[in-house]
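1. can't give you the sequence, but here's the structure:
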């Protein structure tokens, strides 16, 4: 299995050490390599449902594409998928991961994900990506930043382009979580793009929220840190390796001191700062043990189920708001009246509240 062989073509005079010698292909596990479903550009809903439940990554991707679509023709198929797969979801641990740019989120997720796979878990990574203002597509390319994890048969990585609308991210990512759980992934990692409003959105859909920091991020980030720290169930000081260890330990002490003065994000849980080196793969086991302790405590005192219930209710209410606004703006009277009213308001010819009242009366 490990013996190298020379390819059929080699340069003249190439020896045994020729750089392009290849190894026989490694076969994926049986449940991945067996093609149970014929490949096609179009699948019916039932085939997609069975494909997702069997863990077929290609059909899982197709199913997520349908529920992410804004096309009216995909609405009913997408909701049918959700209705049939929802009973098979809810058993995974959902972990949100955020941090300042450069904190090493993607490197940590790859190391963390590979370690979890070694422990017998199946990992799905949903990356809430910023979108190109031109193409509306994802621009970070998480699969290129998690090269080993993205190719592992026990993992699934899916960027979720935001198209500049956080509400759209919330709906699509929540539904993607349901599909990934139905496909058998028992740890769902949701990565945010940095620091901002998206953190609050992601916090509303996960069980555990993890904030990544690095030593010496600068005083200019203190205000941001405080706001995000209040959402966190754990803080990780990453890049605690080599000459950076003393600085990382100092940052850990300062963060733990600051956490004493903040209200915990989760009832009866004490948020703490831990050290980690994603490159050296140190501190990962301690992080997972802490997450497991959090889940166990939450299930004991019912805070785990209470949070999920509250999140579903918030999801329901946000979708109502989204649907009402969409319906309102789609009305012909509003579409015709809105542009001239905007112009009048901008010129100061009519009070804002009066303009709003006129629109609502339509």
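-> The structure has been received and is ready for your questions. The structure presented is a predicted model; accordingly, all values stated were derived computationally and were not measured.

2. which secondary structure element contains residue 274?
-> The secondary structure element spanning residue 274 is strand 272-275 (assigned by DSSP states H and E).

3. ok, and what's touching the next helix or strand after that strand?
-> Moving toward the C-terminus from strand 272-275, the first helix or strand encountered (DSSP H and E) is helix 284-300. If you take CB atoms under 8 Å, 6 or more residues apart in numbering as the criterion, helix 284-300 is touched by 93, 95, 111-112, 115-116, 119, 207-208, 210, 233-234, 236, 266, 268-269, 272, 274, 276, 303-305, 307. For every residue, glycine as well, the C-beta is placed using N, CA and C.

4. just the buried members of those residues?
-> Buried positions within these, assessed by neighbour count (16 or more other CB atoms under 10 Å), are 93, 95, 111-112, 115-116, 207-208, 210, 233-234, 236, 266, 269, 274, 276, 303-304, 307.

5. Cross-check the contact I'm expecting between residue 267 and residue 303.
-> Yes - contact criterion CB atoms under 8 Å: residue 267 and residue 303 qualify, at 5.2 Å.

6. circling back to that earlier point, sort out for me which of the contacts of helix 284-300 are in helices.
-> Counted as lying in helices by DSSP state H, out of those, are 111, 112, 115, 116, 303, 304, 305, 307.

7. Pull the most distant pair out of those.
-> Of all pairs drawn from those, the one with the longest distance (CB to CB) is 111 and 305, at 30.5 Å.

8. tell me the SS of residue 319?
-> Classification of residue 319 by DSSP: H, G, I helix; E, B strand; the rest coil places it in helix.

9. And for residue 336?
-> Secondary structure state of residue 336, per three-state DSSP, is helix.

10. distance of it from residue 357?
-> Counting by CB to CB, to the nearest Å, the gap between residue 336 and residue 357 amounts to 17 Å.

11. do the same with residue 309
-> Here residue 309 is placed at a distance of 37 Å from residue 357 (CB to CB).

12. what do you get for residue 120?
-> 61 Å.

13. hang on, the earlier thing: which neighbours does the strand holding residue 274 have in its sheet, and in what orientation?
-> On the basis of DSSP bridges, the sheet neighbours of strand 272-275 come out as strand 234-238 (parallel).

14. can you tell me the helix or strand for residue 312?
-> helix 303-330.

15. Name the residues of that helix that are buried.
-> Within helix 303-330, the residues that count as buried by 16+ other CB under 10 Å are 303, 304, 307, 308, 311, 315, 318.

16. could you give the angle of that helix to helix 284-300?
-> Between helix 303-330 and helix 284-300, the angle formed by their directions is 90 degrees, by axes from the mean of the first three to the mean of the last three CA atoms, to 10 degrees.

17. Just the buried positions in stretch 275-287, please.
-> Applying 16+ other CB under 10 Å to stretch 275-287 flags 275, 276, 277, 278, 283, 284, 287 as buried.

18. same deal with stretch 351-362?
-> Residues of stretch 351-362 classed as buried: 355, 359 (neighbour count, 16+ other CB under 10 Å).

19. Now tell me what touches it from outside.
-> Applying CB under 8 Å, 6+ apart, the external contacts of stretch 351-362 come out as 331, 333, 334, 337, 338, 341, 342, 344, 345.

20. For residue 341, see how far away the third one is.
-> Spelled out, it's residue 334. Here residue 334 is placed at a distance of 10 Å from residue 341 (CB to CB).

21. Please say which of the two ends up with more neighbours.
-> Between residue 334 and residue 341, counted using other CB atoms under 10 Å, the more crowded position is residue 341 (18 against 15).
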